[in-house]
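In: Return a 3D structure for these sequence lines:
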Amino acid sequence: MKLEVLRRPSLVRRLVILAAGWSLAVLLVTAIVLAMLFQQAALRRFDQGLSELIDNLLAGATIGENQEVIAPALTDLRALRAYSGKYWQLAEPASGGAVRVLVRSRSLWDSELKAPADIVAEVAATPGRPVVYDTRGPLNEPLRAMASQARLPGREAPVIFMAAEDRSPVDRDVRGFIAATALAFALLAAGMIAAVVVQVRVGLAPLFDLRREVASVRRGKAERLVRTYPTELAPLADELNALVAHNQEVVERQRTHVGNLAHALKTPLSVMSTEAEQQPGPLAEVVARQAEAMRRQVDHHLRRARAAARTQGQGERTSVAEVLDELARTLERIFQDKGVTVDWDADEELFFLGERQDLLEIAGNAMDNACKWCRGRVRVRARPLSPTRFSLVIEDDGEGLPAERREEVLQRGARLDEAAPGSGLGLNIVDELARAYGGALRLGDAPLGGLAVELELPRAEA
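Out: Residues are numbered from 1 along each chain as shown. Purely as a prediction, here's the structure:
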């Protein structure tokens, strides 16, 4: 059931997904751009330090005897400590795109800064312009390197000035910034999604109110929509009110037609029956039997039409306890000579979704049948089955009814005992009205010893 609900199109889910998807996409792009900008800024500051080191080397380098390059005395202690992570070297181009080291920092010890052939070529093609690249250090640590080629006075061959520094601290700072940014943006995304959900729920609250009010009208708690709705929903509320009014009008017309038809048919049938009684004979007997059969058919179909019209109309609520109390007192008076006691029990908050007259007819016929066949005790219990259904069970302490004959008593005019009073329509009427309301009737054995009539009927909310 839950899976079916999730597959059903949802306006709230659609709005939340669209807004959340757009927000998450914007936040993701923003986070990526910020991380890239931070990395570029950190590397620019890093490259600035390398550029200053090369400038110092270029400014202080001299040429000694035999074209020997002499590096300046630098005061950076890191360049004097072996494998400290900060390195420099002076070299000259060699064959095959390689370089030959002329002078190196003590931090390099017996190693040298590597430069790919394409970097050497690019440096040679653009003298005086620094070229930045990434390489590995003596301890295989990641290095950010810079190289620039220049000519020194008194030396024919060009000199390549190279500086490098361990970039691990910068990479750690970038990773730390990305982690902090990701956490901050994740919290921001969660907050934005929560805000979107609240915004959608609040924005669609009038729509939910409209649904609840329509449900109240359907269940008989209200006659029309009375709330003031936003401009977008006000026309819909007006149309629903007009539809309810039209439906009520149609139902009233149906009831009027049913009543008119009843009067129009019953009067000629009564005349026919009276004339047949006044003129006895074979023909009169046939007319009387057929007139009675026609009257029963008219009552049957008019009752079904009336019940169907009511169930299609505005929902009405009838207190089950009030109807049972009224019927119990009435039947105890009617069968006082027999000493019948009607014991009933129903929750005060239990309501029948239909007209009072129909519940009186349904419960009244079933209880009257029980009073006729009981020895002296009838028990009636009404219990909720679900939010939309309830059961009404009528039991008696009579002789009961064999299972093979239970279907027979539901037939129109069926009477198991011709000496008993009545027309044989009681349980048939109960069955027809219950079915007209979408309910059901079942017959069984009562714990009291007699027949149990169990009805399932529509329930209205309290």
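In: elements contacting the helix or strand where V196 lies?
Out: Element membership for V196, per DSSP states H and E: helix 168-203. Identification of packing neighbours for helix 168-203 by 3 or more Cβ pairs under 8 Å, 6 or more residues apart in numbering; DSSP states H and E yields helix 11-60, strand 142-150. For every residue, glycine as well, the C-beta is placed using N, CA and C.
In: winner for burial among these?
Out: strand 142-150 (a mean of 21; mean count of other Cβ atoms under 10 Å).
In: what's next to the next helix or strand after that strand, contact-wise?
Out: Counting by DSSP H and E, the next helix or strand C-terminal to strand 142-150 is strand 159-166. Here strand 159-166 makes contact (Cβ atoms under 8 Å, 6 or more residues apart in numbering) with 46, 49-50, 53-54, 57-58, 61, 69, 85-93, 99, 102, 113, 115, 120, 123, 135, 137, 141-152.
In: swap in stretch 64-76?
Out: 53, 56-57, 59-63, 86, 88, 90, 102-103, 152, 154-157, 159.
In: in it, what's buried?
Out: Neighbour-count burial for stretch 64-76 flags 69, 71 (criterion: 16 or more other Cβ atoms under 10 Å).
In: Got the phi and psi for S105?
Out: S105 adopts backbone torsions of phi -70, psi 150, taken as degrees, to the nearest 10.
In: and it, how far is that from F161?
Out: Going from S105 to F161 by Cβ to Cβ, to the nearest Å gives 12 Å.
In: Give me the common contacts of those two.
Out: With Cβ under 8 Å, 6+ apart as the test, S105 and F161 both reach W88.
In: Domain map for the protein?
Out: 61-167, 234-311, 316-460 (automatic domain parsing).
In: Which parts of the stretch 301-450 of the chain are helices?
Out: 320-334, 356-373, 426-436 (DSSP state H, counting those that start in this stretch).
In: Can I get stretch 268-281 in CSV? Just the C-alpha atoms.
Out: Extracted C-alpha coordinates of stretch 268-281, given in CSV (Å, rounded to 0.1, in the frame of the first residue of the first chain):
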residue,chain,number,x,y,z
PRO,A,268,-54.9,2.3,-8.8
LEU,A,269,-53.7,-0.8,-7.1
SER,A,270,-55.8,-0.1,-4.1
VAL,A,271,-58.8,0.5,-6.3
MET,A,272,-58.2,-2.8,-8.1
SER,A,273,-57.9,-4.7,-4.8
THR,A,274,-61.1,-3.1,-3.4
GLU,A,275,-63.1,-4.0,-6.5
ALA,A,276,-61.8,-7.5,-6.5
GLU,A,277,-62.9,-7.9,-2.8
GLN,A,278,-66.4,-6.6,-3.7
GLN,A,279,-66.9,-8.9,-6.6
PRO,A,280,-65.7,-12.3,-5.5
GLY,A,281,-64.9,-15.0,-8.1
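In: what sits up against that stretch?
Out: With contacts defined as Cβ under 8 Å, 6+ apart, stretch 268-281 is touched by 284-285, 287-288, 291-292, 294-295, 298.
In: now the residues you listed: which count as buried?
Out: 284, 287-288, 291-292, 294-295, 298.
In: want to try TSV for those residues, with distance to C371, secondary structure and pLDDT as columns?
Out: Listed next are those as TSV, based on distance: Cβ to Cβ, whole Å; DSSP: H, G, I helix; E, B strand; the rest coil; pLDDT from 0 to 100:
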residue	distance to C371	secondary structure	pLDDT
A284	35	helix	71
V287	35	helix	72
A288	30	helix	73
A291	30	helix	72
E292	25	helix	72
M294	30	helix	73
R295	25	helix	72
V298	27	helix	68
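In: Pipe the residues you listed into CSV and attach distance to L18 per row.
Out: Below are the buried ones among the contacts of stretch 268-281 laid out as CSV (distance: Cβ to Cβ, whole Å):
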residue, distance to L18
A284, 80
V287, 75
A288, 75
A291, 70
E292, 69
M294, 65
R295, 65
V298, 60
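In: Burial check on F177, number of neighbours?
Out: Here the count is done by other Cβ atoms under 10 Å, and F177 has 15 residues near it.
In: picking that back up, if we compare the domains of the chain, which one ends up closest to R14?
Out: The closest approach between R14 and any of the domains of the chain, judged by Cβ to Cβ, belongs to domain 234-311 at 19.1 Å.
In: quick one: the strands in the stretch 201-350 of the chain?
Out: Here the stretch 201-350 of the chain has its strands, by DSSP state E, counting those that start in this stretch, at 317-319, 341-346.
In: Mind telling me which of the ones you listed the model trusts least?
Out: Ranked by mean pLDDT, the strands of the stretch 201-350 of the chain bottom out at strand 317-319, with a mean of 86.
In: partners of that one in the sheet?
Out: strand 351-353 (antiparallel) (DSSP bridges).
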